[in-house]
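*Asks:* My questions are about this predicted structure, shown below with the sequence.
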Amino acid sequence: MPVTCREEKRCLTALVSGELDHHAARAVMEELDRRIDQVQPRELTLDLGGLTFTDSSGIAVLLRAHRRMGQVQGAMRVVRTPDQAGKVFRAAGLERIIRFES
Amino acid sequence: MKIENQVALEFPSRSANEGFARTAAACFAAQLDPTLEEINDIKTAVSEAVTNAIVHAYPDVLGKIVLKLRIKEGHALEIVVKDWGVGIADVEQARTPLFTTGSEERSGMGFTIMESFTDTLKVRSAPGKGTTVTMVRKIARRAGR
């Protein structure tokens, strides 16, 4: 699984690692959906520190997680975004919708 | 424009080949001595074009995809991704940011990313016949070479 989740006091942290392309995106989305349903988190932190590659599939994963967190009235932030992924997300203007932190 | 080196790869539209295609493109581009950022841009653009062919050209069947890479005069890499799938009825609409005919897994940003990460992008398509995406990315010549 390219995503590992841990939860503490309804704060969910998801570590996404490896290559997040269309091939991998479905499994990551399903796991995030499952954990969000289960935990109903107040906050989701997506930790991209281990991500080695992404493309527009990563944009879809972030937008979906953001929408799902809105449905459970929780916040979401994305941390440790690698340069390559950051460039993809900026090209899509994602920083206008999603909170990126170092 | 003179072609200095070229390679063609043919593979079926399996999503496992997305990683293979972009890695192969990065390896071929290495002879232009690109920076890490340039390599990543090439990988990203190839990944988008090949994923489009896998997801949209052949929605229900496995089909043939050809990736052609050419080193051209002027220190440039030409990337051609060709399929013989369903084709695109309205290319201009397909290139619009956020437009997608795909499921929730697609963001509709594929062509926008390809445009951002390359110097030129051409899309030729005919419904029922297939699509050819041609991108050119210039690689900067670095000092001291």
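*Replies:* Happy to help now that I have it.
*Asks:* ranges for the helices of chain A?
*Replies:* A:22-39, A:56-71, A:83-91 (DSSP state H).
*Asks:* Find the nearest non-adjacent residue to B:Ile79, please.
*Replies:* B:Met135 (4.6 Å; C-beta to C-beta, 6 or more residues apart in numbering or on different chains). All C-beta spots, glycine's among them, are computed from the backbone N, C-alpha and C.
*Asks:* before we move on, which element is that neighbour in?
*Replies:* strand B:130-138 (DSSP states H and E).
*Asks:* Mind naming the longest helix for chain B?
*Replies:* helix B:36-52.
*Asks:* As CSV, could you dump the C-alpha coordinates of that one?
*Replies:* C-alpha atoms of helix B:36-52 as CSV (Å, rounded to 0.1, in the frame of the first residue of the first chain):
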residue,chain,number,x,y,z
LEU,B,36,16.9,16.7,-12.4
GLU,B,37,14.1,19.2,-12.9
GLU,B,38,14.2,18.8,-16.7
ILE,B,39,14.1,15.0,-16.3
ASN,B,40,11.1,15.3,-13.9
ASP,B,41,9.3,17.6,-16.4
ILE,B,42,9.8,15.0,-19.1
LYS,B,43,8.6,12.1,-16.9
THR,B,44,5.5,14.1,-15.9
ALA,B,45,4.6,15.1,-19.4
VAL,B,46,5.1,11.5,-20.7
SER,B,47,3.1,10.1,-17.8
GLU,B,48,0.1,12.4,-18.6
ALA,B,49,0.1,11.5,-22.3
VAL,B,50,0.4,7.8,-21.8
THR,B,51,-2.2,7.8,-19.0
ASN,B,52,-4.6,9.6,-21.3
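*Asks:* how big is the angle separating that helix from helix A:56-71?
*Replies:* Here helix B:36-52 runs at an angle of 80 degrees relative to helix A:56-71 (axes from the mean of the first three to the mean of the last three C-alpha atoms, to 10 degrees).
*Asks:* now A:Asp21: how far from B:Asn40?
*Replies:* 13 Å (C-beta to C-beta, to the nearest Å).
*Asks:* shared neighbours, these two?
*Replies:* Common neighbours of A:Asp21 and B:Asn40, using C-beta atoms under 8 Å, 6 or more residues apart in numbering or on different chains, are A:Phe53.
*Asks:* and the lowest-mean-pLDDT helix or strand in chain B, what does it pack onto?
*Replies:* Across the helices and strands of chain B, the lowest-confidence element by mean pLDDT, DSSP states H and E is helix B:91-94, at a mean of 90. Contact here means 3 or more C-beta pairs under 8 Å, 6 or more residues apart in numbering or on different chains; DSSP states H and E; on that basis helix B:91-94 packs against strand B:120-126.
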